[in-house]
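A.B. asks: for reference, the sequence and a predicted model appear below.
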Amino acid sequence: MVTITVRHRILDGAPRPAVLVGDVLISDEPATNTRHGGDRRIFWLLDVGVQLVWEAFRWEREWYVDMVRIDREGDTFHVTDQYLDFVVPGMGPAYRVLDLDELGDAVRDGHLSVADSTEMLTRAQRFLDTYLHRGAVFPPPPIRPYFAADHRYPDITG
């Protein structure tokens, strides 16, 4: 477990403390606009470039999954939204696809290149095939030791 920093659009991109465990980046954020009232834990799977948040916003018993680009600069990871999102009710395997229109607009308007969108769509398919299709286990096994549905997360500070 390595302590690092992450910058992402939640909390306006301010640098936030996080830990790196293998190919998983984890950050605890103060709850804002949620029903559960406790902190929320954000997970990033570096190998497929996804951000996962349990009970985001005021949702209950749903995961919000963002396709993201993750760049590392020293001990700081920079997370950039890539427009395509999924909502996973409960512990899967069902899911809904969101923001295909935003993805199309971003490519059309030059905010996301054709090459970057193609690479992201390939990663999105790999994420779905690995963690949601054909009897796959959700949430992804790499995050399970650090997740708790009741928001009483296991300690990651070491």
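C.D. replies: Arrived safely.
A.B. asks: buried stuff in the longest strand anywhere in the chain?
C.D. replies: Scanning the chain for the strand with the most residues, using DSSP state E, yields strand 76-89. Neighbour-count burial for strand 76-89, counted by 16 or more other CB atoms under 10 Å, picks out 77-86, 88. Yep, even glycine has a C-beta here, placed from its N, CA and C like the rest.
A.B. asks: contact partners of the next helix or strand after it?
C.D. replies: Toward the C-terminus, strand 76-89 is succeeded by strand 96-98 as the next helix or strand (DSSP states H and E). Under the contact criterion CB atoms under 8 Å, 6 or more residues apart in numbering, strand 96-98 has outside partners 84-87.
A.B. asks: now those as TSV including pLDDT and distance to residue 39?
C.D. replies: Output for the contacts of strand 96-98, formatted as TSV (pLDDT from 0 to 100; distance: CB to CB, whole Å):
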residue	pLDDT	distance to residue 39
84	98	26
85	97	22
86	98	23
87	97	21
